[in-house]
Each structure stands twice: as C-alpha cells, then as structure tokens.
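In: this one's structure only:
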C-alpha cells in the first residue's frame, strides 16, 4: 500500500480549481477507483460520471495528467506517483460540476445526420445477405462507445470552438458507418461538405491517437469520406459533366 | 411544496437500456406521446455490457433449431418455474426481433452465406446466439438509440425516479429529479413502463454498474405491485478475480462457447466430474467429443463447461472450497489451449473475443492468447422481479408495466445466457404496445399533490444540513458498503437459514439508519445525495431476496441452500410472491403455477 496525491478539478460553470486529495493505492487500481475512494471517504459530493467500469460504456472520460483517457481503463501503476496526478474534466465541453461536463451538444449533432435507410430486403423473410468481408470496416466504426474523447482532443472543437460548423470525429465515424453500411441507400455526401463541415478536419490524427477502442478514425473513416466529397464536388471532369447537364436542362441527380 | 416542473405523457418509460428503448419505440410507433426517463446519458445503460449475444432460433447455423427447442431449453434451464406463456412468446418472437434490429442498422457477424451468424452458449442445444464479437449489447443499444432519436420521443437524461404516483388503484405517473441542477420533475401519465434493470449493487462482488440498485423493483413494490422469484439471483460463474479493483467484472460465457475450458490448480478439467441428470444426454462424454462440438460437428454433444450458469458457478465454488482453486480464490479459464488444436489461435481468439483480450491485457496484464484467466462467480442477474402478465407485461397494478430484467417470469430459477438480450426486445416491444393501448383505452389520470409533496420532502431530507460541510461517519457510501458486504456473505451463492435470519436483522437495522443519513454539498450533480436516495431501493430488494430465499427450503437453479441441498418437487409447484402489507411490512406468499397447456407440455416431454 502506498499513498498517492490526486489533484482533482472541483468547480462548476462559474469556475473552479484543483484540489489535492491523498488516498491509498493498491495493486491493479485504476484512476476511477481512486476517484471513488476519495468520493466515499473524503468528498461525497465529488461529481463524476461512470457506469460499467470496464471500458464499455464510455462515461468516465477525463483528462488525466493532461491526456484524454477513460478513467476506468487507466491504471495507476502506469502513472508517475512522485508528483500529484491531475484529473480534470474534458475541456472541449462546458463544465457542469467537477469532472462532469455538458456533452448534450453531441446528442443534438447526431440527430441531424440522416438516419439509416436500408435497401429492400434480399429474402422473402425480410432479411438481407451480407458477406463478413463487406461488414468488417463498418464493424470497426460500430465499436465506438461514444466517450467523446476524440471530440475533446480535436483542435477544431477544443481550440477553435467550431461546434456549430463541424460535427467532430465521433460523428464523422458515425456518418462513415452509415455511408459504408452495405444496406444503406441514403446519401450524406453533400451535407458532409456543407452542414457537417468535413473540410475543417486537417487530418492531424489526434482523434485516432486517443480512441480507447483503437478505431482508425482518420485513415479509415474521415479520409474516405473526404474522398467522396472531393469526387463529387471538386473533380474537374465531373464538374464539366454537371455543367453540361445543367445547360442541357436536365435535373442533376443527388447521387454521384 | 417543493418547486417542480410538470410533464404530461401517454406513456412514460423508466430506463433506457434495451427493454426501455424498445418499449419507447413501440409506444411511439403506435401513436402514444412518450417520455423516457433514464438515470445516465442515453446509450450508457447496462445493456452495453452484454457480451455474448441474443438468443433467437433463426436456424442459420443449425437448421434443426426452431422455437420449440428454444422454448424447451429455456424451461429446462429455468427448472420449470418459468412463466410458460412468456417462455413461449419469447421463443416464438425472438427471431423477428433479431431481424428487426438488422433492419434498423445492426451489423451482426455473418455466416458463410451472408446471414446472421450464431454461436454456442450454455444451455442452448444448438448454436443460437446472434452476436457481434463479444460486444453484442453495445450493438443492440446503439441500434435502438439511433432509431429512437428520429422519433418524437422526449428523453430526460440523468433523471432519477423517486416515487410512482397513483390515482386510486391506477398508476398516475412519477416524481423524479434531474441530476444537473437537482430540480424535481413530475410526470403525469396513465401508463408507466418500468425497465430499470437489476439489483447487482446489493452485493459486493458484481458485474453490475452503479445504476443497478433495484429501483424498478422497489418503486413497484411501494405502490402495491407483487414481486416474484426474488430468491433467484444469478451468480455468473466467470467474473474477474484479480487484481482486487476489477473483481466481479464479467468474463463472457462466449469464452467457453468458443473453446475455453475450466481447470483447477492441478490442471484438471473438473466440469466433467459432475453432470446433472437432466443434462446428461446432451453433454459430451469426452474432451475429444467436446472439442468436436466447438468445431461445429453436429453429431457431437456440448462440453460440460456449457452447462447452465447456476451449475457451473457451484462447481467452481466446490473446487475453491476444496482447496483446488487458483492463487486468488478462483479457478482457471483457459482459451489459450486451443493453440494445440488450431494453427492461428492468436488471431482466432482476438477475432472472437476482442473485448476480453483488451480487458485482460489492460486491467490484469494478461495475454489471454497465451495465459489462462483467473475467474470466479460474480453477482450478475436477477431472475425475479415485478410479477407481470405474460402477454401484456402489465403488473398487478393497473397501468404499471415492466419489461426486461426488472420483470419476472421468463427465466424461472435460472436464466440461460443470451436469453436476456432477446428478453429485452421481445418484452420491451410488448410492454410498449400494451402500455400505449392501456393509455388510449383508459383515459387521463389526476396527480395528487399530497403524494408529490411527500416524495419531494423525503428526497430533500439527506441535504437537511447535518452532514453539510463535514463528512459524516455513517455516510451513504458506508451504509451501502455494509449492506453489500453482508449480503454477499450471508445471502450469496450458498445460503443457510441462520445466516439469512441474521441478514434480515442487519437489514432492519440499516432501514432504521438510512432515512437519517445526511450528505454534504448541494442539489447540483451530487452523487452522495443520489447514493443516499438509492438506499431505500437497495434495502427493499435485499429484504425481498432474503425473505424469498428463507421461504424456499430447497435448492433449485440460482438458489442454493446448504441446509436443504436437494430439489424438492413440492417447491416446483409455486412461485414466491412478496407484497407490501397494509402495516408497511413485507408479506411472503406462495402462488401456484398454472398447469401447462397440452401443446407446450408435449414439447417439453419430446425434448427431455
């Protein structure tokens, strides 16, 4: 048993400060255990979100020594205990209280993305046929636990506060899962360019680095979506064809 | 009266796991105005932790499977205490509910010919579990969540129900508080669906999250609904045991379905030692036959590791008690051994069990493709719950419905793995359907201000001031820990009359103490306050479990009595009910099980 000091941000939307708490740490403990111990012994009202404590629900996101992490999957023996361990709320979202932030923006953004729209079923019993190799990449995106650490670390949101113009890596992954779903027939390419602001992403890959589910966000989701946007809107040959069609008085179809 | 805002709905759904979301979707589809109230953020409910899969007799992997086999398996697993109507409906409707998830965007693993893949699981005769690796629950909750947000349903997140309201005999809504600001909300509704999940936090070793405090059970009990089968708590045989801080975290049964075996410290595969009579004809005789089953050989029978959870948990306890356990008080679960059988075992394990690989690597420094895991039983699931009608899911209180884990009936004395996710969607849908119909047919209700006033006054008591500024010695966390410790020890896997009676005394003492508990801080996002408010619910379910377990003087399914170690046919004839009496005390009664209709009886006979 050793003692360790945790500097935990306490406060609310009006401001706050780091407060030091000492507590005992034992083998195998994770940061969330320490927070719970402090909460039970020293600060009953210390606000923190958590649910599964097994890295599956994505509730306990925070910044541990400045790094966006799930507290339940961050082992204390990986941290330097010779100085206080700082635990702060995600900085890309407004503070509610202590380690809890207002993530409601994420829920509003998701609603704006066109819903899954399947093609007609392949079989009379209403089911479809899909090969495993065709769903592998979508399954990678669907591992997302919505911890919003990728949103937290994205400089477009964190530093430039473009929340109204850019949906962030989480929802680009979500859009990619829909766009690349073998059954889906909806088209989200135009809105990705305009309303969802995919152009803001300059592929610094910070989101990929912090993803606790190890989703290759930038390479597998965002870049292929950017390519679709570019194909439709910036391909010079396609542009000429569209121009020609328009002058010929034809309606352009939505789907490239 | 404390200040509050009022919302009016046709149907309110309490809980946003699989059952709650499915109920809300159905009620909204049928034209009801629906509000969902959930304790956490949307998409975080305990359903995300379900790993193995959803049981549905699709027959994609084994064409011999059909609803009749699934029905018989469920009844056998539940030791025939199940509500047979629910077991029938569940087996018949689960395949449609699984296909519906696919239509809403779920991406299950595929068979060679492109259909939904199914895996082996304990107690299921054929490969039956539709799954996505070992994260099926996440796939399900995300699919339902993403479908629901495009419907006209209000979701009140981080909002906790304090009391249900009544108008005469009928349900009239609920009083709740939202965590962000600590403000009260009154919900007026002629129909309420409880989908609050389980009770795992009544025990110290559990796979359940903080939310599982038996809220639905307790809320329903307080307004006069009957609880049923509360003695049947499922202790999942394989939870992590080391390091201490992860004790109880679930290790999916899928490990055993994909070839994992249980061994004691001498390396002996002990599950072959004790195979119950009613499973003997379905269980492999040799390790060689067991492996052929895992490989998909249709002539082979199941490995004994895939016997029902109650039995496997007791066998593990037997090894530990006999001194043959692992260093940290469990046994070894070994999937790494498959490298003796297949060339690319590392890829096989990581593809089939990605979360397990990750979980052990990160939390225990163990590579499960190389080293056996240490596992032991963990409190996992409540088979009992609110007594409901099999078709409509309505409780004994008009207008009050229950679905999913907080409802009783489908699983009897023991639940089969995979039957929970299917339960959520089959009966979530039914609860939503009948709740919407009830609201339509029975008209409006009045909210009684007196009831609201009582609920809000009680809720504010822990903030009255005694604990403010300081830290009370008997804070809410200390009471919760004390309850968890003695419930685990005295009403856990192995039970005895004297121990359970002493548990009842200790519950009574905590019931005296809990209402006086005080917490520091204010009403805004205060987890101490929330923990104080949860105590009543935890104490009610702890008492219900203990009283029902005392009444059942036999051993059956998840309930094992050291002093009555055998099954008693007399006890197969009834369920145990618990109700709140007029004097405020808990009343125990026996409810005879109605006879099976001839058609269902014949199915069970044929499949014996």
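Out: Perfect, thanks for sending it. Quick caveat, the model's predicted, so the values are computed rather than measured.

In: low pLDDT regions in chain B?
Out: For chain B, applying pLDDT under 70 flags the ranges B:465-473.

In: can you name the residue of it nearest chain A?
Out: Using Cβ to the nearest Cβ, the single residue of chain B nearest to chain A is residue B:243, 2.2 Å away. (Each C-beta comes from the backbone N, C-alpha and C, glycine too.)

In: isn't that residue up against residue A:33?
Out: No. Here residue B:243 lies out of contact with residue A:33, judged by Cβ atoms under 8 Å, at a distance of 9.8 Å.

In: check contacts around the most centrally placed residue in chain A.
Out: The centre of chain A sits closest to residue A:170, judged by Cα atoms, centre = their mean, with a distance of 3.2 Å. Residues near residue A:170 by Cβ atoms under 8 Å, 6 or more residues apart in numbering or on different chains: A:106, A:144, A:146, A:148, A:150, A:151.

In: not counting residues beside it along the chain, what's closest to the third one?
Out: Pointing back at residue A:146 there. residue A:58 (5.0 Å; Cβ to Cβ, 6 or more residues apart in numbering or on different chains).

In: tally of neighbours for residue 12?
Out: Let's take chain A. 15 (other Cβ atoms under 10 Å in any protein chain shown).

In: not quite, I wanted chain B
Out: For residue B:12, using other Cβ under 10 Å, the count is 32.

In: in three-state terms, label it for me.
Out: strand (DSSP: H, G, I helix; E, B strand; the rest coil).

In: phi, psi for residue 71 please.
Out: Assuming you mean chain A. Note on residue A:71: backbone dihedrals following degrees, to the nearest 10 are phi -60, psi -30.

In: hm, I was asking about chain B
Out: Dihedral angles (degrees, to the nearest 10) for residue B:71: phi -60, psi -50.

In: isn't it up against residue B:602?
Out: No. In this structure residue B:71 lies outside contact range of residue B:602 using Cβ under 8 Å: 11.3 Å.

In: more neighbours: these two, which one.
Out: Of the pair residue B:71 and residue B:602, residue B:71 is the one with more neighbours under other Cβ under 10 Å, namely 23 against 12.

In: in what helix or strand does the nearest residue to the more buried one once chain neighbours are set aside lie?
Out: Nearest residue to residue B:71, sequence neighbours excluded (Cβ to Cβ, 6+ apart): residue B:91, at 4.0 Å. Following DSSP states H and E, one finds residue B:91 within helix B:84-103.

In: flag every buried residue along stretch B:154-164.
Out: If you call a residue buried by 16 or more other Cβ atoms under 10 Å in any protein chain shown, then stretch B:154-164 has these buried ones: B:155, B:156, B:157, B:158, B:159, B:160, B:161, B:162, B:163, B:164.

In: next one: stretch B:147-154
Out: B:147, B:148, B:149, B:153.

In: how far off centre is it?
Out: Distance of stretch B:147-154 from the chain centroid (Cα atoms, centre = their mean, to the nearest Å) equals 25 Å.

In: what do you get for stretch A:63-83?
Out: Centroid separation between stretch A:63-83 and its chain, computed with Cα atoms, centre = their mean, is 20 Å.

In: ok, now stretch B:568-587?
Out: 21 Å.

In: buried ones in that stretch, by neighbour count?
Out: By 16+ other Cβ under 10 Å, the buried positions in stretch B:568-587 come out as B:571, B:575, B:576, B:577, B:578, B:579, B:580, B:586.

In: quick check: the farthest pair among those?
Out: Largest separation among the buried residues of stretch B:568-587 by Cβ to Cβ: B:571 and B:580, giving 24.1 Å.

In: ok, and the closest non-adjacent residue to residue A:165?
Out: Closest residue to residue A:165 in three dimensions, ignoring its sequence neighbours and counting by Cβ to Cβ, 6+ apart: residue A:197, at 4.5 Å.

In: tell me the phi and psi of the one you found?
Out: The phi and psi values for residue A:197, taken as degrees, to the nearest 10, are phi 60, psi 40.

In: what count of nearby residues applies to it?
Out: Counted with other Cβ under 10 Å, residues neighbouring residue A:197 total 19.

In: that one reaches residue A:163, doesn't it?
Out: No. Between residue A:197 and residue A:163 there is no contact under Cβ under 8 Å: 10.0 Å.

In: whichever helix or strand comes after the helix holding residue B:91 near chain A at all?
Out: As assigned by DSSP H and E, the chain's next helix or strand after helix B:84-103 is strand B:118-119. No. For strand B:118-119, no contact with chain A is found by Cβ under 8 Å from any Cβ of the partner chain; the gap never falls below 13.2 Å.

In: can you tell me the strand partners of strand B:118-119 and which way each runs?
Out: Looking at strand B:118-119 with DSSP bridges, its partner strands are strand B:129-130 (antiparallel).

In: could you pull out the helices for chain A?
Out: Per DSSP state H, chain A carries helices over the ranges A:31-41, A:104-111, A:132-141, A:149-153, A:155-158, A:168-179, A:189-193, A:206-210, A:223-233, A:236-247.

In: dump the ones you listed to JSON lines, plus mean pLDDT.
Out: Output for the helices of chain A, formatted as JSON lines (pLDDT from 0 to 100):
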{"stretch": "helix A:31-41", "mean pLDDT": "95"}
{"stretch": "helix A:104-111", "mean pLDDT": "98"}
{"stretch": "helix A:132-141", "mean pLDDT": "97"}
{"stretch": "helix A:149-153", "mean pLDDT": "98"}
{"stretch": "helix A:155-158", "mean pLDDT": "97"}
{"stretch": "helix A:168-179", "mean pLDDT": "98"}
{"stretch": "helix A:189-193", "mean pLDDT": "97"}
{"stretch": "helix A:206-210", "mean pLDDT": "98"}
{"stretch": "helix A:223-233", "mean pLDDT": "95"}
{"stretch": "helix A:236-247", "mean pLDDT": "82"}
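
In: nearest to residue B:492, out of those helices?
Out: Closest among the helices of chain A, using Cβ to Cβ: helix A:31-41, at 22.3 Å.

In: contact partners of that closest one?
Out: A:4, A:6, A:8, A:21, A:23-25, A:46, A:48, A:50, A:53, A:60, A:62, A:64, A:69, A:71-72, A:74-76, A:79, A:85, A:87, A:99, B:245, B:471, B:475, B:477-478, B:481, B:527-528.
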